[in-house]
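In: let's see this in three dimensions:
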Amino acid sequence: MNLKERLHSHLIQIVRDRNPYLASEGHFYAQQYIREQLAQWGTVEIDDFSVRGRIHHNVILDLPSFDRASKKQLSPIVIGAHYDTAPGSPGADDNATGVAVLLELARDIASRPLKYPVQLVAFDMEEYGCLGSSHHAAKYKQQQKSIRLMISLEMLGYCNHNPNSQSYPAGLKDFYPNSGNFIALIGTFPTVPDLINLSGKIRKSGQPCEWLPVPNRGLIVPDTRRSDHVPFWDNGYPAIMVTDTANMRNPHYHRESDRIETLDLDFLTGVCQGLVKGIRHL
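Out: Presented below is the predicted three-dimensional model:
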């Protein structure tokens, strides 16, 4: 299978109502699928955390750098995507697309390790306040470990080439395209070199890409604080969200209609190819 076919194959397995409370069967199925896919490339860790007395699970795969013999252990690149859904939604774009790309990044990096170790994490409970990623970022902070960069994959597959199909938070529309056919990278000021590097590689692969640096952990633009990168920002780590901008473009956001047939698989494939190239050059 080529990359587009593999992404589609992942989506077929993941796209289903997988709300941890209201669709626990679909949620468990997706979790097990992610676990099996990642287990092809190494030992998978299930990291449990408790919310109101109930146990939830992040699914983690650590991949070593290409220079395992080096005495100086470099800080990891952490790449995450949440696998839970909003109630009543099959979550094709939100966030089966992010998980599908996460699984393909695992395949690529396992076959050709990077300069940095890479940790791939499927987060639970994003829809309830980024609880899985909060648990994960807090563990890094508690252990006083550094992170080279955290990348949050948040809705990567909806594209609309029509004029005026893209909306923005106040004050941004004059600086960016009005067609929703690009992938967006959002980071804090310390990540600007990575934003430039990643966006350049993504564009070079043929995929339109825009980037936005935000001050003060995104607090002045609350729409930039709606995914699993935020707990890393709040704990002082460099993090970037990769997104198709969610409800600022996709009318199916958090709805029952968020299904595979609404996605643009060529767009999703282009995003994945661009990320593969970009992450290799960090």
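In: so residue 60, which state does it fall into?
Out: Put simply, residue 60 is strand when judged by DSSP: H, G, I helix; E, B strand; the rest coil.
In: partners of it in the sheet?
Out: Counting by DSSP bridges, residue 60 is bridged to residue 45, residue 121.
In: surely it and residue 48 touch.
Out: No - using CB atoms under 8 Å, residue 60 is not in contact with residue 48, being 11.2 Å away. All C-beta spots, glycine's among them, are computed from the backbone N, C-alpha and C.
In: of those two, who's got more company?
Out: Higher neighbour count among residue 60 and residue 48: residue 60, with 20 against 10, using other CB atoms under 10 Å.
In: who touches stretch 55-74?
Out: The contact list for stretch 55-74 (CB atoms under 8 Å, 6 or more residues apart in numbering) reads 20, 31, 34-35, 38-39, 41-50, 76, 83, 106, 109-110, 112-125, 131-132, 135-136, 148.
In: how does it look with 7 Å?
Out: 20, 31, 34-35, 38, 41-42, 44-49, 106, 109-110, 113-125, 132, 135-136, 148 (CB atoms under 7 Å, 6 or more residues apart in numbering).
In: can I get the buried part of the residues you listed as one PyMOL selection?
Out: What follows is the PyMOL syntax selecting those of the contacts of stretch 55-74 that are buried according to 16 or more other CB atoms under 10 Å:
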select buried, resi 20+31+34+35+38+41+44+47+49+106+109+110+114+116+117+118+119+120+121+122+123+124+125+132+135+136+148
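In: next one, pLDDT for residue 70 please.
Out: We have a pLDDT of 66 for residue 70.
In: just say helix, strand or coil for residue 266.
Out: Under three-state DSSP, residue 266 comes out as helix.
In: just give the nearest non-adjacent residue to it, would you?
Out: Excluding the flanking residues, the one nearest residue 266 by CB to CB, 6 or more residues apart in numbering is residue 4, at 7.1 Å.
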